[in-house]
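# got a structure for you, letters missing:
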């Protein structure tokens, strides 16, 4: 089993979720969100950096999965999201944790089976896949979905590598 930290970066709330996965099954460890606050944008990024760094120290994930930035309608929002991602990525990299990035569609496809799934569908499937007693908060569910996506992807890649080695 590998411990995976999933991050759903945001300028107001940054979701996190930690699972243990062997590719066939996943076990819930913890999840939640960081309420991003501060007088300036730099202080807010510092909150994300410190909180994610604390998660790494406390829970010792071996890998991190994070959503890639996508350009929607608002360029300013995309830039802020990119900076929030950067703060989270720097926090785990300084602890030597490898980072894996997935598009929102890849994450939804992996967890729900549809790349354009609604937030409620992601929340429901995360709850089902991890046998949670209740529906996780949206940011935490997105972070758990990123971690589940990485667990599935890494298992598939390992299987492909194993199969390829057996045929060469």
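Noted; the coordinates are in hand. Keep in mind the model is a prediction, meaning the values are calculated, not measured.
# check contacts around residue 34.
By CB atoms under 8 Å, 6 or more residues apart in numbering, residue 34 lies in contact with 13-14, 16, 47-48, 51-52. (Each C-beta comes from the backbone N, C-alpha and C, glycine too.)
# pairing partners for the strand or helix carrying it, with directions?
If you go by DSSP states H and E, residue 34 is part of strand 26-35. Using DSSP bridges, strand 26-35 pairs in its sheet with strand 13-21 (antiparallel).
# so how far is the partner strand off the chain centroid?
Counting by CA atoms, centre = their mean, to the nearest Å, strand 13-21 is centred 6 Å from the centre of its parent chain.
# repeat that for stretch 75-85.
16 Å.
# got it, and stretch 58-71?
Worked out by CA atoms, centre = their mean, stretch 58-71 lies 4 Å from the chain centre.
# before we move on, what about stretch 97-113?
8 Å.
# list the buried residues of it.
For stretch 97-113, the neighbour count (16 or more other CB atoms under 10 Å) marks 97, 99-100, 102, 104, 106-112 as buried.
# could you pull up the mean pLDDT of that stretch?
Stretch 97-113 comes out with an average pLDDT of 95.
# quick check: end-to-end length of it?
28 Å (CA to CA, to the nearest Å).
# low pLDDT regions in this protein?
Across the chain, residues meeting the criterion (pLDDT under 70) sit at 71-72, 155-168.
# name the nearest residue to the residue most central in space within the chain, sequence neighbours excluded.
Nearest to the centroid of the C-alpha atoms of the chain, with distances taken as CA atoms, centre = their mean, sits residue 6, at 2.4 Å. Nearest non-adjacent residue to residue 6, counting by CB to CB, 6 or more residues apart in numbering: residue 147, 3.1 Å away.
# what's the answer for residue 141, then?
residue 123 (4.2 Å).
# sec struct for the one you found, please.
Of the three states, residue 123 takes helix under DSSP: H, G, I helix; E, B strand; the rest coil.
# number the residues from 640 up from this point.
From this message on, residue numbering opens at 640, which makes the last subject residue 762.
# that one contacts residue 773, doesn't it?
No - the pair residue 762 / residue 773 is not scored as a contact, 10.0 Å apart, by CB atoms under 8 Å.
# looking at the two, which is more packed in?
Set side by side, residue 762 and residue 773 show more neighbours around residue 762, with 22 against 6, by other CB atoms under 10 Å.
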